[in-house]
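1. Show me the folded form of this:
(2 chains)
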Amino acid sequence: KQEVTQIPAALSVPEGENLVLNCSFTDSAIYNLQWFRQDPGKGLTSLLLIQSSQREQTSGRLNASLDKSSGRSTLYIAASQPGDSATYLCWLFTGNQFYFGTGTSLTVIP
Amino acid sequence: KAGVTQTPRYLIKTRGQQVTLSCSPISGHRSVSWYQQTPGQGLQFLFEYFSETQRNKGNFPGRFSGRQFSNSRSEMNVSTLELGDSALYLCASAPVGGLYEQYFGPGTRLTVT
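-> The predicted model follows:
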């Protein structure tokens, strides 16, 4: 059974700092991986999707990487802003099951 | 394009009752997935429908069921509600093409009393 863990569970950083969020998974047989953010009481907003054959994807200040052999994906946020405060979740598809990570709650302090 | 819509947005039910939630996917999307989000268990996958057939299934009891119609709209039904079924239920649609990229709706907040 796939286990998807995100550490740390919570993170607080000053505005302007670059930061890395981690997503670890136990089974490398994944089809693709997607990063989301969730604002309190809201649904999920897609940030980046990485196919299993890709190593990274970039969108604006965000960069996501995927290393299947080590069972890890990272989301890099450059020059963080207070508006980046949210819970960040990774999601992956194994071919017949969908899994969410445990989430990292990010607070960016002005 | 309009996004994924879910109705109702909020629902209060009594233990033992049943409930039906509705999800309308983005136009052209044929895959609809359902997820349950609780503070204790996080986000868990319920099932996925594609072209009116359940294609993938998570690890939930048979009280949780779903269906998909020919226009790709999907419903999720929970019978014999328990207090532990109180949760945010999210649906997501994905386009045809194999990437399974998920586009989420705002969710239905179900409270069981």
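2. Not counting its neighbours along the chain, what's nearest the residue of chain B found nearest chain A?
-> Of all residues in chain B, residue B:43 sits closest to chain A, at 3.8 Å by Cβ to the nearest Cβ. In short, each C-beta sits where N, CA and C put it, glycine included. Once flanking residues are discounted, residue B:43 sits nearest to residue A:100: 3.8 Å by Cβ to Cβ, 6 or more residues apart in numbering or on different chains.
3. Next: residue B:81.
-> Nearest non-adjacent residue to residue B:81, counting by Cβ to Cβ, 6+ apart: residue B:112, 4.8 Å away.
4. Quick check: beta-bridge partners of the residue of chain A at minimum distance from chain B?
-> Of all residues in chain A, residue A:100 sits closest to chain B, at 3.8 Å by Cβ to the nearest Cβ. Per DSSP bridges, the residues bridged to residue A:100 are residue A:91.
5. And residue A:86, by the same measure?
-> Under the criterion DSSP bridges, residue A:86 forms beta bridges with residue A:106.
6. what number of residues lie near it?
-> Residue A:86: 21 surrounding residues under other Cβ atoms under 10 Å in any protein chain shown.
7. Which residues are in contact with it?
-> Counting by Cβ atoms under 8 Å, 6 or more residues apart in numbering or on different chains, residue A:86 makes contact with A:37, A:38, A:39, A:105, A:106.
8. about what we covered before: so the residue nearest to residue B:43 versus residue B:23, what's the distance?
-> As judged by Cβ to Cβ, to the nearest Å, residue A:100 and residue B:23 stand 18 Å apart.
9. out of the two, which sits in the busier spot?
-> More crowded of residue A:100 and residue B:23, by other Cβ under 10 Å: residue B:23, with 27 against 21.
10. what bridges to that one?
-> Assigned bridge partners for residue B:23, using DSSP bridges, are residue B:6, residue B:74.
11. can you give me the strands in chain A?
-> A:4-5, A:10-14, A:19-25, A:32-38, A:44-51, A:56-59, A:62-67, A:72-77, A:86-93, A:98-100, A:104-109 (DSSP state E).
12. Same list, those strands, but as JSON lines with distance to residue B:88 please.
-> Below are the strands of chain A laid out as JSON lines (distance: least, Cβ to Cβ, whole Å):
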{"stretch": "strand A:4-5", "distance to residue B:88": "19"}
{"stretch": "strand A:10-14", "distance to residue B:88": "20"}
{"stretch": "strand A:19-25", "distance to residue B:88": "21"}
{"stretch": "strand A:32-38", "distance to residue B:88": "10"}
{"stretch": "strand A:44-51", "distance to residue B:88": "10"}
{"stretch": "strand A:56-59", "distance to residue B:88": "26"}
{"stretch": "strand A:62-67", "distance to residue B:88": "25"}
{"stretch": "strand A:72-77", "distance to residue B:88": "23"}
{"stretch": "strand A:86-93", "distance to residue B:88": "13"}
{"stretch": "strand A:98-100", "distance to residue B:88": "13"}
{"stretch": "strand A:104-109", "distance to residue B:88": "16"}
